[in-house]
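Peer 1: fold the following.
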Amino acid sequence: MNPRLASLLAKIDEYPDVTIVAVSKEVGVQEIRLAYDCGFRHFGENRMQDALAKQDALDLHVSWHFVGRLQTNKVRSAAGRFALYHSLSSLHLAEEMNRIALRTGSCFPCLVQVNASLEQTKQGLALGEVADFLALVSRLPGVRVLGLMTMGPHTEDRLAIRRVFRQVRALYEELRRMPSGEACMQHLSMGMSADYELALDEGATMLRIGSAIFSNLRDNGGRHDGK
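Peer 2: Modelled structure (predicted):
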């Protein structure tokens, strides 16, 4: 097995309740099949057209996640096609999801994106905006918030990354104590290929890992429970 992939899987095996989303946005169906054969069962895409094409081309029993920014004009085509939408941070988008859900009899399970570091290049709500946003979205029956998603800041400072993950985890725990009518905090999605170890240490329940899986997968001779 490729040493880097072996190290990743060994680390994740220490956290049996963590779900790995193999972010397959840069690879084709052949690589996804290879990942499936190694035990991965959750796959993440960030472009709607590519995601739907891969879903239609594959006959695998997997869960698809939309990990990119969902545009309002793509909501109809996305309805019912994904187990989880990872980047809700706009009331306008939530209202469009609700409109389509009511028309199609579907539901949009979502994670609210949090931009704890307030980086201008990233989407997401500030920590202090999340509770009010949840109160508004809770009025939309076609949208179900199931947790939070965040990305670590774009920096080499590991302490800064850890601080952001810790802040979002604290918010997640606070929201879990709220009345269940506003949100059901089941998932805390944080941590990617470069910082997943920090995210695990700080309480992530879901990782979004792309290159650390797919760039090493062809050398992998074993299997793994992708949960």
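
Peer 1: and stretch 11-20, what's buried?
Peer 2: Neighbour-count burial for stretch 11-20 flags 12, 15, 18-20 (criterion: 16 or more other Cβ atoms under 10 Å). All C-beta spots, glycine's among them, are computed from the backbone N, C-alpha and C.

Peer 1: now intersect the residues you listed with the strands, please.
Peer 2: 19-20 (DSSP state E).

Peer 1: pLDDT and distance to residue 193 added to the buried residues of stretch 11-20, as CSV?
Peer 2: Putting these into CSV (pLDDT from 0 to 100; distance: Cβ to Cβ, whole Å) gives the following:
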residue, pLDDT, distance to residue 193
12, 85, 12
15, 92, 16
18, 96, 15
19, 96, 16
20, 95, 11
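
Peer 1: contacts for whichever strand or helix holds residue 56?
Peer 2: For residue 56, the element it lies in under DSSP states H and E is helix 48-57. Residues outside helix 48-57 that contact it (Cβ atoms under 8 Å, 6 or more residues apart in numbering): 24-25, 28-29, 32, 43, 45, 64, 66, 70-71, 74, 77-78, 81-82.

Peer 1: repeat for stretch 88-105
Peer 2: Counting by Cβ under 8 Å, 6+ apart, 70, 72, 75-76, 79-80, 85, 106-108, 110-115, 123-125, 133, 136-137, 140-143, 145 sit against stretch 88-105.

Peer 1: can I have the buried ones of these as a ChimeraX selection?
Peer 2: To isolate the buried ones among the contacts of stretch 88-105 in ChimeraX, judged by 16+ other Cβ under 10 Å, type:
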select :70,75,79,85,107,108,110,111,112,113,114,115,124,125,133,137,140,142,143,145
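
Peer 1: helices - which of the contacts of stretch 88-105 land there?
Peer 2: 75-76, 133, 136-137 (DSSP state H).

Peer 1: and stretch 195-204, what's buried?
Peer 2: 195-200, 202-204.

Peer 1: circling back to that earlier point, let's see which of the contacts of stretch 88-105 end up in strands.
Peer 2: Those of the contacts of stretch 88-105 lying in strands (DSSP E): 85, 108, 110-114, 143, 145.

Peer 1: thought residue 203 was touching residue 188, still the case?
Peer 2: Yes: when contacts are counted by Cβ atoms under 8 Å, residue 188 is listed as touching residue 203 (6.3 Å).

Peer 1: overlap in contacts, those two.
Peer 2: Contact criterion Cβ under 8 Å, 6+ apart; residues bridging residue 188 and residue 203 by contacting each: 169, 172.

Peer 1: output the below-cut-off pLDDT ranges for this protein.
Peer 2: 1, 180-182, 218-227 (pLDDT under 70).

Peer 1: quick one, helices of it?
Peer 2: Counting by DSSP H, the helices of the chain are 3-12, 29-37, 48-57, 75-78, 91-104, 130-137, 158-176, 196-201, 211-214.

Peer 1: could you point out which of these sits nearest residue 183?
Peer 2: helix 130-137 (4.8 Å; Cβ to Cβ).

Peer 1: quick one, what contacts the one residue sitting closest to the centre of the chain?
Peer 2: Centroid-nearest residue in the chain: residue 86, 4.4 Å away (criterion: Cα atoms, centre = their mean). Going by Cβ under 8 Å, 6+ apart, residue 86 touches 44, 65-67, 110-111, 113, 149, 189, 208.
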